[in-house]
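**Student:** Got a sequence here, can you model it:
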Amino acid sequence: MPAVVSLWRGPARMHALRNRLGILLVVVLSVSSIAKDCCAEEVPDDVQQQDLSRLIGTLRSRDIQKATAAVLEIARRGKDAEAAVPWLLESLADERKVHTRTSISDLAAYALAQIGTPSIAPLGKLIAEVDDGKLRDHALDALSQMEGHGQPVINALLKVGYHPDEDTRWRIVQMVAHIADDMEPPSPAAIDFLIKGMHHEQSGTRFQATQALLQIAPDPVLFLDEFLQRLHDSDVSVRVITLRGLGKIGPAADKCVPEVVRLLDDRTTFTQRFGPIGTVAGEACQTLAEMGDAANGALPQVRPLLHDDDAYLRCDAALAVVVLSEDREEAINVLILSTDSTMYSLGIARHAIQALARVGPLAARAMPEVKRALSHEDALIQGYAVEAASNIDPAEARPVLLGMAEDSDSSVRCSVIKAMGKYSAEDPEAFQVVVDGLTDEDFVVRFYSLACLKGWGQQAAPAIPVLKRLLEENPMHANAKDWRELLRELEGANE
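**Tutor:** As a prediction, this is how the structure comes out:
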C-alpha cells in the first residue's frame, strides 16, 4: 500500500509557515536584537569598575543612560551578579525605551537570562503571583532566553501550572512543549503536565495541550487512550487536531479506527486559516487515508461519501478510497472533475489538487489536469499543482517546474524549491534553483532552500563555495547564521 503524502504539506502550509515563522521571527529578532544591542553598547570603563551594589543602585536612576549601562554591565557579569536578581525583577516593569524596539524591561529580562539558574525560581514565583500581564510576559521572555537550562525552566513553569490568565497559560504550554521537544528524552513531568491540560475546562487549553503532546511524545502510541477521549471532545478544534495527530501516527493507531469511522457522521464545520471551511467528517476521511491498510475495513462507510452533496467531503472521501482500495477509478474521477475551477469554486479545485498531490503515482491518470493547473491564475492552485506533478511523475514534471522557479508569487517559488528536493543535487539545474533560493527576497523561500540543501546531505557539497561567498558578501544577512551552520555541516561531512 503506497503511503499517502503527509497532511501538513502544500502551499497552504507555506502560508501558515510564513505566518508562524513571522511570529517566531519577531520573537527571535527581538531577543537577538536585545543581545546585539547589549554587545553594541559600550559600557563606560568607570561603570565596569563599579561594584555590584553600586550597579544595583543605579538601576533605579532617572538617567536612562546610567540605568542602561548598569543593566548591561550586570548582564555581562552573568552568574557572578546573582545578588542583582531581586532588583532586576523590579526592572522588568521599567518600560523606558533604550532603543526603538528595546526597553529597560527587555534588557532586565536579558540580564536575568544571563545570570541563569539563580533567576529561574524567582521568575517562576513572579509569574505565579503578579496580576500584571505585561510583567508576566517579560518574566516569560527571560525564561525563554535561558539556553542550557531546560529542565530547571520546565520545573519552574510546572510550578506555575495552568495559570488563570489565558494568554499566560498559552505561553506556558508552548514553552513547556518547545523546551521538552529539545530534550532527549522529553521530560516525563512535561508530558504529565500536557496530559493534565488535555482535560482542562477551557477548550483552547485542551487544544494546545493535545497538539503539544502529539508533537513531543517520543511514542504517541502510548497515549492512544488519551487521544481517543479527545475524539469525543465537545470542541470541534480539539477533535480535528486529534484526528490530524492520529493521521501522523498512521497505521500504529489502528485501535482508533472505529472511533474515527464514527466521526464520518460528524458534519460540524470549522474554519482554517489558509484553507476552506472543513468538516470533521472530511478530516476523518483524511485520517483513515493516513492509517493505510489498518483502515481498509472503513471502505463501506467511506465510499457512499463520493456522492455527498458537500464537494469538499467528496474530495476527502476520494482521497481515502484511492489510498485504501484497489478499485479507485471512481474516486480518481471525482478528483479530476473537482479540479475544474470553472465548474467548481477555487477552494474545491485547490482541495482536489491537494488530494492528488497526496496520492502521488496512484493518480497518474490525472496528470493532464495537474499540468493544466500549473498555469492557473490562482497561486495556491499552482502551488498544489507543482506538488502534485512532482509527486505523480517527477521526470515529466521537471522541465515545467524549472521554468516556474522565478515565478513572481513567492508561494509558487516555495513549492518549486520543495519539489527540487525530489531531484538529485547532481542535477545542475535543480541545484541552481535551490542555491538561488538562498537569497530570495522571501524568507520562507530561503527557509525551504536551506531545508532542501540539508536534505541532500553530502550531495550538497558543491554549495560550500557558494555559502562562503554569500557570507563574505553579506556577513550581516538575516540568514547568515543559518548559512554558517549549513557550511559547518557540509564541511564536516566532507572531511
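**Student:** switch to C-alpha atoms for all contacts and neighbour counts from now on
**Tutor:** Noted.
**Student:** any idea how the chain splits into domains?
**Tutor:** Per automatic domain parsing, the structural domains of the chain span 41-147, 423-495.
**Student:** now the shortest one: mean pLDDT?
**Tutor:** Just to be clear, that refers to domain 423-495. For domain 423-495, the mean per-residue pLDDT is 92.
**Student:** And for stretch 165-172?
**Tutor:** So the average pLDDT for stretch 165-172 ends up being 94.
**Student:** Would you mind measuring from the nearest residue to Ser415 once chain neighbours are set aside to Ala363?
**Tutor:** Take Ser415 and drop its neighbours on the chain: the residue closest to it by CA to CA, 6 or more residues apart in numbering is Gly383, 5.4 Å away. Distance, Gly383 to Ala363, using CA to CA, to the nearest Å: 17 Å.
**Student:** In terms of neighbours, single out the busier of those two.
**Tutor:** Higher neighbour count among Gly383 and Ala363: Gly383, with 29 against 26, using other CA atoms under 10 Å.
**Student:** In which helix or strand does the more buried one reside?
**Tutor:** Assessed by DSSP states H and E, Gly383 sits inside helix 379-392.
**Student:** now for the next helix or strand after that helix, which elements pack on it?
**Tutor:** Later in the chain than helix 379-392, the nearest helix or strand by DSSP H and E is helix 394-403. The contact analysis (3 or more CA pairs under 8 Å, 6 or more residues apart in numbering; DSSP states H and E) places helix 394-403 against helix 379-392, helix 428-437.
**Student:** Flag every buried residue along helix 394-403.
**Tutor:** Of the residues in helix 394-403, 394, 397-398, 400-402 count as buried by neighbour count, 16 or more other CA atoms under 10 Å.
**Student:** about what we covered before: just tell me which of the domains of the chain ends up closest to Gly161.
**Tutor:** domain 41-147 (8.4 Å; CA to CA).
**Student:** circling back to that earlier point, next, give me the two most distant ones among the buried residues of helix 394-403.
**Tutor:** Most distant of the buried residues of helix 394-403, by CA to CA, are Pro394 and Leu402, 11.5 Å apart.
**Student:** Quick check: neighbours shared by those two?
**Tutor:** Taking CA atoms under 8 Å, 6 or more residues apart in numbering as the criterion, Pro394 and Leu402 do not both touch any residue.
**Student:** From the chain's centroid, how far away is stretch 141-157?
**Tutor:** 20 Å (CA atoms, centre = their mean, to the nearest Å).
**Student:** Quick check: end-to-end length of it?
**Tutor:** End-to-end distance of stretch 141-157: 12 Å, with CA to CA as the criterion.
**Student:** I would like the residues contacting that stretch, please.
**Tutor:** 31, 109-110, 112-114, 116-117, 120-121, 123-125, 172, 175-176, 179-180, 183, 187, 190.
**Student:** just stretch 401-415 next, same as before
**Tutor:** For stretch 401-415, using CA under 8 Å, 6+ apart, the contacting residues are 10-11, 14-15, 379-380, 382-384, 386-387, 416-417, 429-430, 433, 442, 444-445, 448.
**Student:** Show me which positions of that stretch end up buried.
**Tutor:** Buried residues in stretch 401-415, defined by neighbour count with 16+ other CA under 10 Å: 401-402, 404-406, 409-415.
**Student:** do stretch 382-396 as well
**Tutor:** For stretch 382-396, by 16+ other CA under 10 Å, it's 382-392, 394.
**Student:** Equivalent analysis for stretch 271-284, please.
**Tutor:** So, applying 16+ other CA under 10 Å, buried residues of stretch 271-284: 275, 278-284.
**Student:** do stretch 57-66 as well
**Tutor:** Buried residues in stretch 57-66 (16+ other CA under 10 Å): 58-60, 64, 66.
**Student:** What of stretch 130-138?
**Tutor:** Buried-residue list, stretch 130-138, by 16+ other CA under 10 Å: 135-138.
**Student:** pLDDT-wise, which helix or strand of the chain ranks last?
**Tutor:** For the chain, counting by mean pLDDT, DSSP states H and E, helix 11-40 ranks last in confidence among helices and strands (a mean of 46).
**Student:** Helix or strand next in line after that helix, which one?
**Tutor:** Past helix 11-40, further along toward the C-terminus, the next helix or strand under DSSP H and E is helix 45-48.
**Student:** Do you have the helices of the stretch 351-495 of the chain handy? List them.
**Tutor:** Secondary structure of the stretch 351-495 of the chain (DSSP state H, counting those that start in this stretch): helices located at 367-373, 379-392, 394-403, 410-420, 428-437, 443-456, 464-473, 480-493.
**Student:** where are the low-confidence patches of the stretch 151-300 of the chain?
**Tutor:** The model of the stretch 151-300 of the chain has pLDDT under 70 over residues 273-276.
**Student:** would you list every one of the helices in it?
**Tutor:** Listed from the start of the chain, the stretch 151-300 of the chain has helices (DSSP H, counting those that start in this stretch) covering 166-181, 188-197, 203-216, 224-230, 236-249, 257-262, 280-291, 299-302.
**Student:** which of the ones you listed sits most buried?
**Tutor:** helix 280-291 (a mean of 28; mean count of other CA atoms under 10 Å).
**Student:** which other helices and strands contact that one?
**Tutor:** Using 3+ CA pairs under 8 Å, 6+ apart, helix 280-291 sits against helix 236-249, helix 257-262, helix 311-324.
**Student:** give me that answer again for 6 Å
**Tutor:** Secondary-structure packing of helix 280-291 (3 or more CA pairs under 6 Å, 6 or more residues apart in numbering; DSSP states H and E): helix 311-324.
**Student:** Thr271 and Asp106: what is the separation?
**Tutor:** Distance from Thr271 to Asp106, by CA to CA: 36 Å.
**Student:** same deal with Val261?
**Tutor:** Between Val261 and Asp106 the computed distance is 51 Å (CA to CA).
**Student:** swap in Ala478?
**Tutor:** 21 Å.
**Student:** just Ala397 next, same as before
**Tutor:** 50 Å.
**Student:** Give me the more crowded residue out of Ala478 and Asp106.
**Tutor:** Legend: neighbour count by other CA under 10 Å for Ala478 and Asp106, higher for Asp106 (27 against 12).
**Student:** mean confidence for the host helix or strand of that one?
**Tutor:** Using DSSP H and E, Asp106 falls within helix 104-115. In this model, helix 104-115 has a mean pLDDT of 95.
**Student:** where does Ser411 land on pLDDT?
**Tutor:** 93.
**Student:** ok, back up a step: can I have the helix holding Asp106 written out in PDB, keeping just the CAs?
**Tutor:** Extracted in PDB, the C-alpha atoms of helix 104-115 (Å, rounded to 0.1, in the frame of the first residue of the first chain):
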ATOM      1  CA  ILE A 104      14.900  48.600  30.200                       C
ATOM      2  CA  SER A 105      12.500  45.800  30.900                       C
ATOM      3  CA  ASP A 106      13.800  43.900  27.800                       C
ATOM      4  CA  LEU A 107      17.400  44.400  29.000                       C
ATOM      5  CA  ALA A 108      16.500  43.300  32.500                       C
ATOM      6  CA  ALA A 109      15.000  40.100  31.100                       C
ATOM      7  CA  TYR A 110      18.200  39.500  29.100                       C
ATOM      8  CA  ALA A 111      20.300  40.100  32.200                       C
ATOM      9  CA  LEU A 112      18.200  37.600  34.200                       C
ATOM     10  CA  ALA A 113      18.700  35.100  31.500                       C
ATOM     11  CA  GLN A 114      22.500  35.700  31.500                       C
ATOM     12  CA  ILE A 115      22.600  35.200  35.300                       C
END
